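Novice: Predicted model, plus sequence, below.
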Amino acid sequence: MGRSQNPLLGALASAEETQESNVGQRVRQLRSESGWSIRALAEASGLSANTLSLIENGKISPSVSTLHRVAQALGVPITAFFEAPSPRQQVVFVAGHTRNRQQFAHGVCEDLAMGFTGAGLHPCVVTLQPHQGSGADLIVHTGFEFVYCLQGRITYTVDGEHYFLTPGDSLLFESYLPHRWENATDFPAQMLLVLAPTDERDRPAHRHFSPADPAP
């Protein structure tokens, strides 16, 4: 008669296999997102293509040092192999009357990407009150900034140069250049503003929109 399997050992073995499979799936996903073949990743990490294939298919459990070499080659933290990818909402439709409108110190910001979980893109419609703007301090962040004037006249200062935007005018620049904006007129102004940081940790909207002053 064959020996009965210990249920606890069986469960532990199953959990270990699942963990190996999950790590392998993340390695494959991150490699694919980087546009790398197994051979290219093998050359960059110093591992054999066969080893990487076994890891991706959950056939072997990679050591910490092995994962560290793969992480360095892919340019990601080693913890990325143990994080479950969050589901991404790739298409977002926002009806005009449902926009999230947030009051900031000198106007209103309407979010045009509510629920979008893709790359760090922040499109919004900004309404500026007369003689108000982003503040006296110059703003610097990663990525790019795009502006399209919808109403009124908006003055954008980028790297010491002044740009006067009226309806239909646009401005696109690399946002490491110090910049600020204001409505220097006696009438409200409105613009489409798209912030596109290249570092996912960067939050340029926090620097563009200071919170509204509390009610007295």
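Specialist: Structure's in. What do you need?
Novice: worst-scoring helix or strand of the chain, pLDDT-wise?
Specialist: helix 7-33 (a mean of 62; mean pLDDT, DSSP states H and E).
Novice: Please point out which parts of stretch 131-138 sit buried.
Specialist: By neighbour count on 16 or more other Cβ atoms under 10 Å, the buried set for stretch 131-138 is Q132, G133, S134, G135. In short, each C-beta sits where N, CA and C put it, glycine included.
Novice: just stretch 51-59 next, same as before
Specialist: Residues of stretch 51-59 classed as buried: T51, L52, L54, I55, E56, G58 (neighbour count, 16+ other Cβ under 10 Å).
Novice: How far away from the center of its chain is it?
Specialist: Relative to its chain's centre, stretch 51-59 lies at 29 Å (Cα atoms, centre = their mean, to the nearest Å).
Novice: Give me the contacts around that stretch.
Specialist: Residues outside stretch 51-59 that contact it (Cβ atoms under 8 Å, 6 or more residues apart in numbering) are 17, 20-21, 23-25, 27-28, 31, 38, 41-42, 45, 60, 62, 66, 70.
Novice: Now the buried members of those residues.
Specialist: Listed as buried from these are 20, 23-25, 27-28, 31, 38, 41-42, 45, 62, 66, 70; burial here means 16+ other Cβ under 10 Å.
Novice: ok, these vs R180, which is closest?
Specialist: Distances from R180 to the buried ones among the contacts of stretch 51-59, taken as Cβ to Cβ, are shortest for R31 (41.4 Å).
Novice: Which residue ranges make up each domain of this structure?
Specialist: Annotated domains of the chain cover 7-82, 96-208 [automatic domain parsing].
Novice: Could you tell me the least trusted of these?
Specialist: Note on these: lowest mean pLDDT is at domain 7-82, with a mean of 78.
Novice: those helices in this protein, which residues are they?
Specialist: 7-33, 38-45, 49-56, 64-74, 204-208 (DSSP state H).
Novice: Using JSON lines, lay out those helices together with distance to A80.
Specialist: Conversion of the helices of the chain to JSON lines gives the following (distance: least, Cβ to Cβ, whole Å):
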{"stretch": "helix 7-33", "distance to A80": "6"}
{"stretch": "helix 38-45", "distance to A80": "14"}
{"stretch": "helix 49-56", "distance to A80": "14"}
{"stretch": "helix 64-74", "distance to A80": "7"}
{"stretch": "helix 204-208", "distance to A80": "24"}
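Novice: That's all I had, so thanks and see you.
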